[in-house]
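Visitor: return a 3D structure for these sequence lines:
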Amino acid sequence: MQDYKICVTGGAGFIGSHFVKFLRNKLGNDVTIVVYDKLTYAADRLRLYGTNATIIEGDVCNGSLFLETLKKYEITHIVHFAAESHVDRSLKDDMPFIQTNILGTANVIECATQIWINTPEGFNGKKLIHISTDEVYGSIKVEEEPANELSVLNPSNPYSATKAAADQLVIGKMRSDRLPCLILRSSNVFGGLQHTEKFIPKTMSAIKENTPIIVYGKGEQMRRWLDVETYSQIIWYLLESSVVGEIFNVPGKEAYSNIDLVKKMKQIYQDYSKKEVSDIQFTKDRKSHDFFYNISGEKLERWLMSVNKNVQYGKMEDFILREVKG
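Guide: Okay, the predicted model is just below:
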């Protein structure tokens, strides 16, 4: 097995921390795992409890500290989760998104290039995975052809615009310097320990606390959902593979309108707890609220079949029930 020394940026965040736990369970305690995280409001060290990961409190925009981290721990693989990701916040103030998502990503790929190109083996045995989003394609109607990896990017809010810009920087680096990278664009991700500003935990909190359940507009917007454990497994399969220089869409298998998902959560809670919950309260729709992110996962499915990798997708209903019981 390759001697992995892995740096996970944003590893104290929701998806990043699940991936760190997956890595530790998969690779054991002898593998170096370094979490590089600014530890903002959305991060939590407690998510990493028991992982035995080295935690470096640092901003991806801090080039000298990130460079020093890569050098000190002789990092061979980087999984770049670090990002500002909440659309509502980006609509109120886009500068943190520009700084972290664009400038931070530029810094990560530049530091990786500088460090790796000057090792005796160069880029051999190295890889950087950039975690992106399906939102870079913009809203695509259910009846339209889903976006594939060659589709035109059409972001419609500051968050998705900065992620699209970051993607382009990574693509440019892959082409100009042959930096061994992959870009993953996933659907909305669900799972435990997600920040309460996000749709599912926010709704679950309202249900449990019997406070009004706030839904934008009429709740007709739809999303595909991918569970975080499945996503972690897919990231790992691609990290350990030899494939570089590619983009992969990672769509969830379940799609719900926002209102249908809220009703499903309410029903599961009521069936289990035998308690009534507050009514749904509709509020003014969010500015530039995309209706649906429709992406094709055919490329990923073909690749998984070609390397005989099976993926079991976690079910939303099972997760909701666990959250209700918890």
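Visitor: so what's Glu301 scoring on pLDDT?
Guide: You'll see Glu301 listed with a pLDDT of 98.
Visitor: need the contact list for it.
Guide: Neighbour list for Glu301: empty [criterion: C-beta atoms under 8 Å, 6 or more residues apart in numbering]. The C-beta positions use only the backbone N, C-alpha and C, and glycine is treated the same way.
Visitor: and what about it, helix, strand or coil?
Guide: helix (DSSP: H, G, I helix; E, B strand; the rest coil).
Visitor: one more: Ile247?
Guide: Classification of Ile247 using three-state DSSP returns strand.
Visitor: settle this for me: it is touching Ser151, isn't it.
Guide: No: using C-beta atoms under 8 Å, Ile247 makes no contact with Ser151, being 10.2 Å away.
Visitor: higher neighbour count, these two?
Guide: More neighbours surround Ile247 than the other of Ile247 and Ser151, with 19 against 16 (other C-beta atoms under 10 Å).
Visitor: beta-bridge partners for that one, please?
Guide: Counting by DSSP bridges, Ile247 is bridged to Ile183.
Visitor: show residues contacting the helix or strand harbouring Glu317.
Guide: Taking DSSP states H and E as the criterion, Glu317 maps to helix 316-325. By C-beta under 8 Å, 6+ apart, the surrounding residues in contact with helix 316-325 are 190-192, 204, 225, 227, 254, 256, 261, 264-265, 268-269, 272-273.
Visitor: please check those and keep the buried ones.
Guide: The neighbour count (16 or more other C-beta atoms under 10 Å) marks 190-192, 204, 225, 227, 254, 256, 261, 265, 268-269 as buried among the contacts of helix 316-325.
Visitor: quick one on the thing from earlier: buried residues in the helix holding Glu317?
Guide: Buried, per 16+ other C-beta under 10 Å, within helix 316-325: 316, 319-320, 323-324.
Visitor: and it, what's its mean pLDDT?
Guide: In this model, helix 316-325 carries a mean pLDDT of 96.
Visitor: ok, stretch 175-187 next?
Guide: The average of the pLDDT scores along stretch 175-187 is 97.
Visitor: and Lys287, what does it touch?
Guide: 91, 157.
Visitor: and it, that's in a strand?
Guide: No: counting by three-state DSSP, Lys287 is not part of a strand but coil.
Visitor: now the longest helix that the chain contains: how far from the chain's centre is it?
Guide: Longest helix in the chain, counting residues (DSSP state H): helix 158-176. Averaged C-alpha coordinates place helix 158-176 at 15 Å from its chain's average position (C-alpha atoms, centre = their mean, to the nearest Å).
Visitor: and that helix, what's buried?
Guide: By 16+ other C-beta under 10 Å, the buried positions in helix 158-176 come out as 158-167, 169-170, 173-174.
Visitor: out of those, which is nearest to Gly104?
Guide: Nearest to Gly104 out of the buried residues of helix 158-176 is Ala166 (C-beta to C-beta; 8.1 Å).
Visitor: that closest one touches Gln99, doesn't it?
Guide: No: look at Ala166 against Gln99 with C-beta under 8 Å: they stay out of range, at 11.5 Å.
Visitor: which residue lies farthest from the center of the protein?
Guide: Lys274 (34.6 Å; C-alpha atoms, centre = their mean).
Visitor: Val243 versus that residue, what's the distance?
Guide: Lys274 sits at a distance of 50 Å from Val243 (criterion: C-beta to C-beta, to the nearest Å).
Visitor: pLDDT score for Leu48?
Guide: 98.
Visitor: that one: how many residues sit nearby?
Guide: When neighbours are counted by other C-beta under 10 Å, Leu48 registers 22.
Visitor: spit out the contact partners of it.
Guide: Residues near Leu48 by C-beta under 8 Å, 6+ apart: 11-12, 17, 20-21, 35, 55.
Visitor: tell me which of those residues is nearest to Met305?
Guide: Lowest distance from Met305 to those (C-beta to C-beta) belongs to Lys21, with 27.0 Å.
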